[in-house]
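**Q** Let's see this in three dimensions:
(chains A and B)
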Amino acid sequence: MKEVDLVVIGGGPAGMAAAVKAKEKGVQDVLILERENSLGGILNQCIHNGFGLHYFGEELTGLEYAARFIDKVHRMNIPYCLETMVLNIGSDKTVTAVNSTEGVFTIKAKSIILAMGCRERTRGALNIPGTRPSGIYTAGTAQKYVNIYGYMPGKSVVILGSGDIGLIMARRLTLEGAEVKMVCELLPYSSGLTRNIVQCLDDYNIPLKLNHTVVAVHGKERLEGVTVAEVDQNRKPIPETAEFVPCDTLLLSVGLIPENELSRDAGIELDPVTSGPVVDARMETSVEGIFACGNVAHVHDLVDNVSNESELAGESAAEYILGINVPDRSETIVVKAGNGIRYTVPQLIRKQSLSRDTVKIFFRVADVYRNVRLAARCGNNILVERKRIKVTPGEMETLELKSQDLREINAGEELVIELRTDGEGH
Amino acid sequence: MPEKRNLICINCPVGCLIEVTLDGDTINSIKGYQCKRGLEYARAECTNPVRTVTSTVRVKDGILPVAPVKTEKPIPKRLIRDCMKEINRCCVQAPVKIGDVIVENLLGTGVNIVATGNVPEAHGKNGS
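**A** The predicted model follows:
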């Protein structure tokens, strides 16, 4: 059986950043396994700009951002296998994969980094009633058709879901000559960035219908239209508001799901809220020596954050392989999502792994709130508190904690991340 | 006649609603912003709004039929449609390399359209 120090599963932004960092930190033997026919992951279809402002300090398109990491992988001579699908990961860190040149093969790794990313929720996950015509795509699939293969999915379009991919596609299809009739959002707010609402919808006079959803799909061979209705406070459609909207294309931008079939098979503990592995502050999963980063751990809104998180995972894997700062895993602080918080990453902190000066906790709030404070609390002791004029579930939040403060917390105690208000709600 | 325009600031998640009153091209007042960046955004949006345009151009003999492109710098918003016409008129010969200039001096703006990705040449497309 082939032996490799570090196997990185996935050659997108997360996998590349993790592999590069691990090699920089002294791991000689790194191998990236990628399912597609090129490195870059989802960035290969992101021709729009807005990437890299935080990480590189300049505005790049998705492909340009990917190209910088692909160059690093090449410069550092990190080997990778393309069109290679990982079939299984064992908890003993064996990786079984298949491709057309080697057939099925197994690699024994000292450490594994999970960087498989996420996939889109589909119509099936939503249970939209009606017929089954052609012309219904996830927004990302339509993006791939238009931007990589040069095909237009249709001429008149309704988009369900106001996540960033849906907004970006509203603009893209408009520029290519389609009529985008509306973007419907079930919630009373968009989960997309304000910048995308302004520059992808408002610039082109595309209506954003909040509190609206698609309740029926019409057409036999090809989509002929959808029925759109307003929803009440309980997100139930109000029948009197139903309206038929003729269109030949429906795009779904209704959420992303981390791809964790491999993690589950390896016996890695998953967080039911993030749908990703439970990780500690070094991005290590419940299986020692297996790390996770990027959208497989939790869905990010900025690739810049993915790169930073993945470098941390790469560095931690390097330390594990080289036997530096490997913590005693028994002493843990549980990080808990408290009032107004949907989830946190990491979900736990190993007391013995506080070798860096600070620990960053990433989290999402559960709703839109104004004039609140975000706090990290242990018992009655508030470790950090930050004021925010407005927070939304669409924007990931961070609190940075000092390791010296965390050392004071006893193993088994809870660190609660919570939203505090001065009496007024949202 | 003074004209009122409502903007949403895009600089941060707060998304301030900014109201600008204009008299032709002259700004009379800007209200509703909570920081300096909001003021600057409103001023720029009402006097000279600009956008970076990203799209794809047709490629001949490449492994893919299109290559991604962008305007090297933001261009005036009113030129977006004409910019798309220029882009759609183009057809470039593979190989395309990241950074290649596809259209020079777009519509007299002094801004080039450049490739943002690589499209290598397809081998054995003709003949064989």
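**Q** and A:Y343, what are its phi and psi?
**A** Per-residue torsions, A:Y343: phi -160, psi 170 (degrees, to the nearest 10).
**Q** scratch that, A:V20
**A** Backbone torsions of A:V20, given as degrees, to the nearest 10, read phi -60, psi -50.
**Q** In contact with it, which residues?
**A** Under the criterion of CB atoms under 8 Å, 6 or more residues apart in numbering or on different chains, the neighbours of A:V20 are A:69, A:72-73, A:76, A:78, A:311, A:314. Heads up, the C-betas are built off the backbone N, CA and C, glycines and all.
**Q** Take those residues and write them to CSV, including distance to chain B and neighbour count.
**A** Output for those, formatted as CSV (distance: CB to the nearest CB, whole Å; neighbours: other CB atoms under 10 Å in any protein chain shown):
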residue, distance to chain B, neighbour count
A:F69, 13, 26
A:K72, 15, 17
A:V73, 15, 21
A:M76, 19, 12
A:I78, 19, 22
A:E311, 23, 21
A:G314, 25, 31
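**Q** Residue numbers of chain B in contact with chain A?
**A** B:7-10, B:12-15, B:34, B:51-56, B:58, B:64-66, B:68-70, B:77, B:80, B:84, B:98, B:116-118 (CB under 8 Å from any CB of the partner chain).
**Q** So which of these belong to helices?
**A** The helices, defined by DSSP state H, take in B:80, B:84 from the residues of chain B next to chain A.
**Q** Which members of the residues of chain B next to chain A are classed as buried?
**A** Among the residues of chain B next to chain A, the ones that count as buried by 16 or more other CB atoms under 10 Å in any protein chain shown are B:7-10, B:12-15, B:51-56, B:64, B:66, B:68-70, B:80, B:84, B:98, B:116-118.
**Q** At which residues are the strands of chain B located?
**A** B:3-8, B:17-23, B:26-31, B:50-51, B:54-60, B:66-71, B:75-76, B:91-93, B:101-103, B:113-115 (DSSP state E).
**Q** Which neighbouring elements make contact with the last one?
**A** The one in question is strand B:113-115. strand B:66-71, helix B:80-89, strand B:101-103 (3 or more CB pairs under 8 Å, 6 or more residues apart in numbering or on different chains; DSSP states H and E).
**Q** Just give me how far the lengthiest helix in chain B sits from the chain centre.
**A** Ranked by number of residues, the top helix in chain B under DSSP H is helix B:36-47. Its chain's C-alpha centre and that of helix B:36-47 lie 18 Å apart, by CA atoms, centre = their mean, to the nearest Å.
**Q** Kindly report the same for stretch A:36-52.
**A** 14 Å.
**Q** Ok, stretch A:55-64 next?
**A** Centroid displacement of stretch A:55-64 relative to its chain, using CA atoms, centre = their mean, is 18 Å.
**Q** what's the answer for stretch A:179-195, then?
**A** On CA atoms, centre = their mean, the centre of stretch A:179-195 falls 19 Å from the chain's centre.
**Q** now do stretch B:23-37
**A** The answer for stretch B:23-37 is 24 Å, by CA atoms, centre = their mean.
**Q** Please list all residues in contact with B:P76.
**A** Taking CB under 8 Å, 6+ apart, one finds B:48-50, B:109 in contact with B:P76.
**Q** Contacts made by stretch A:26-41 with the rest, please.
**A** Under CB under 8 Å, 6+ apart, the answer for stretch A:26-41 is A:4-16, A:19, A:22-23, A:44, A:63, A:66-67, A:69-70, A:73, A:78-86, A:95, A:97, A:107, A:117, A:317-318, A:321-322.
**Q** List only those of those residues flagged as buried.
**A** Buried among the contacts of stretch A:26-41 (16+ other CB under 10 Å): A:4-16, A:19, A:22-23, A:44, A:63, A:66-67, A:69-70, A:73, A:78, A:80-81, A:84, A:86, A:95, A:97, A:107, A:117, A:317-318, A:321.
**Q** Tell me where the model's unsure across chain B.
**A** B:124-128 (pLDDT under 70).
**Q** Break it down into its structural domains.
**A** Following automatic domain parsing, chain B resolves into domains at B:3-47, B:54-115.
**Q** sorry, back to before: redo the strands of chain B as TSV? Include distance to A:G225.
**A** Converted to TSV, the strands of chain B look like this (distance: least, CB to CB, whole Å):
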stretch	distance to A:G225
strand B:3-8	30
strand B:17-23	34
strand B:26-31	42
strand B:50-51	32
strand B:54-60	28
strand B:66-71	30
strand B:75-76	36
strand B:91-93	35
strand B:101-103	38
strand B:113-115	37
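**Q** Spatially central residue for chain A, please.
**A** Taking CA atoms, centre = their mean, the centroid of chain A lies closest to A:V299, which sits 2.1 Å from it.
**Q** Spatially nearest residue to that one (excluding sequence neighbours)?
**A** In space, and not counting its chain neighbours, A:V299 is closest to A:L256: 4.7 Å by CB to CB, 6 or more residues apart in numbering or on different chains.
**Q** Okay, and A:D71 sits in which element?
**A** Per DSSP states H and E, A:D71 falls inside helix A:62-75.
**Q** Quick one: list the elements packing against that helix.
**A** So helix A:62-75, by 3+ CB pairs under 8 Å, 6+ apart, packs with helix A:13-24, strand A:49-51, helix A:303-322.
**Q** pLDDT on the second one, on average?
**A** Confidence over strand A:49-51, taken as the mean pLDDT, stands at 91.
**Q** what do you get for the last one?
**A** Averaged over helix A:303-322, pLDDT sits at 97.
**Q** what angle separates it from helix A:13-24?
**A** Using axes from the mean of the first three to the mean of the last three CA atoms, to 10 degrees, the inter-axis angle of helix A:303-322 relative to helix A:13-24 is 40 degrees.
**Q** Relative to the following helix or strand past helix A:303-322, what are the paired strands and their orientations?
**A** Note on helix A:303-322: by DSSP H and E, the next helix or strand toward the C-terminus is strand A:332-337. Looking at strand A:332-337 with DSSP bridges, its partner strands are strand A:348-350 (antiparallel), strand A:414-421 (parallel).
**Q** interface residues of chain A facing chain B?
**A** Proximity of chain A to chain B, by CB under 8 Å from any CB, involves residues A:44, A:47-49, A:59, A:61, A:63-64, A:67, A:146-150, A:175-176, A:193-195, A:197-199, A:202-203, A:389-392, A:394-395.
**Q** from those, which ones fall inside strands?
**A** A:49, A:61, A:389-391.
**Q** Of the residues you listed, select the buried ones using a PyMOL command.
**A** In PyMOL, this line selects whichever of those come out buried by 16+ other CB under 10 Å:
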select buried, chain A and resi 49+61+390+391
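**Q** Quick check: of the ones in strands among the residues of chain A next to chain B, which lies closest to B:C91?
**A** When those are compared for distance to B:C91 (CB to CB), A:T61 wins out at 20.8 Å.
**Q** Verify the contact between that closest one and B:V69 for me.
**A** No. Using CB atoms under 8 Å as the test, A:T61 is too far from B:V69 to be in contact (9.1 Å).
**Q** Which residues are in contact with each of the two?
**A** With CB under 8 Å, 6+ apart, A:T61 and B:V69 have common neighbours A:47, B:54, B:116.
**Q** so which of these would you say is closest to B:R89?
**A** Nearest to B:R89 among the shared contacts of A:T61 and B:V69 is B:T54, at 16.9 Å by CB to CB.
**Q** you'd agree that closest one is up against B:E72?
**A** No. Taking contacts as CB under 8 Å, B:T54 lies outside contact range of B:E72: 11.2 Å.
**Q** Can I get stretch A:105-116 in CSV, CA atoms only?
**A** Extracted in CSV, the C-alpha atoms of stretch A:105-116 (Å, rounded to 0.1, in the frame of the first residue of the first chain):
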residue,chain,number,x,y,z
PHE,A,105,-6.2,2.2,-5.0
THR,A,106,-5.6,2.7,-1.3
ILE,A,107,-3.2,5.1,0.4
LYS,A,108,-2.1,5.0,4.0
ALA,A,109,-1.8,8.5,5.4
LYS,A,110,-0.3,9.8,8.6
SER,A,111,-2.8,12.7,8.5
ILE,A,112,-5.8,13.6,6.3
ILE,A,113,-7.3,17.0,5.6
LEU,A,114,-11.0,17.0,4.5
ALA,A,115,-11.6,19.8,2.0
MET,A,116,-14.5,18.4,-0.1
